[in-house]
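Chemist: Predicted model, plus sequence, below.
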Amino acid sequence: MATTNLSIYDKATIPNAKNFRFGIVVSEWNSEITDNLFLGAKEALLDNGALSENIIKWDVPGSFELIYGCKKMIETQKLDAVIAIGNVIQGETKHFDFVCEGVTQGIKDLNIKYDIPTIFCVLTDNTKQQSLDRSGGKHGNKGVECAIAAIKMAALRQF
Ligand SMILES: Nc1c(NC[C@H](O)[C@H](O)[C@H](O)CO)[nH]c(=O)[nH]c1=O
Ligand SMILES: CC(=O)[C@@H](O)COP(=O)(O)O
């Protein structure tokens, strides 16, 4: 059963993000979905105190390129957390499996290699409707959930 709503959070339980710098790398594949994920993430960061000038957005062609895009952003920008935004939708072939597994493992590896948390904001859905439901639809917006995760991990990183 899917999460009923990905966008509900209690601000009282979330650190203020005013001193944090965030990178957001966004896949252009399925941009109707990823644009909404980005907007949800940005709005949630701002709602919790982040400054607009401390949110850096880069675009990459597809979800598989999120790995290199996040790596490059981590290596060249002074950041407290990075959010990788993508949407992979099952097609006719096994390509979906390889893209999803590759991105998952690649982002996991970034979290091991670098002392900058990279948040996995990649919707891996069977249908476009599932993606629509999770990017501002009936199940909320995964971008909001991932922005909150980014703030919490940026705070944890300070210990
Ligand atoms: N089918 C989807 C893709 N495929 C493209 C790959 O992500 C990658 O850009 C290509 O294999 C070249 O390296 N990407 C998505 O983000 N979503 C899809 O549904
Ligand atoms: C996840 C994909 O790469 C997929 O959309 C490609 O579609 P197909 O498997 O029909 O080639």
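Modeler: All right, it came through fine. Ligands and ions are numbered 1, 2, ... in the order given.
Chemist: Can you list the residue ranges for strands in this structure?
Modeler: With DSSP state E, the ranges of strands along the chain come out as 22-27, 55-60, 81-89, 118-125, 135-137, 140-141.
Chemist: Would you mind listing the outside residues contacting the shortest one?
Modeler: To tie it back to what came earlier, the one meant is strand 140-141. 3, 5-8, 36-37, 40, 134-135 (CB atoms under 8 Å, 6 or more residues apart in numbering). Placement of C-beta: from N, CA and C, glycine included.
Chemist: Dump the strands of the chain to a markdown table, plus distance to residue 147.
Modeler: Listed next are the strands of the chain as a markdown table, based on distance: least, CB to CB, whole Å:
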| stretch | distance to residue 147 |
| --- | --- |
| strand 22-27 | 8 |
| strand 55-60 | 10 |
| strand 81-89 | 7 |
| strand 118-125 | 8 |
| strand 135-137 | 13 |
| strand 140-141 | 9 |
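Chemist: Need those in CSV (columns: distance to ligand 2 and mean pLDDT).
Modeler: Shown next, in CSV, are those (distance: least, CB to the nearest ligand atom, whole Å; pLDDT from 0 to 100):
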stretch, distance to ligand 2, mean pLDDT
strand 22-27, 11, 99
strand 55-60, 15, 98
strand 81-89, 5, 98
strand 118-125, 9, 98
strand 135-137, 16, 97
strand 140-141, 21, 96
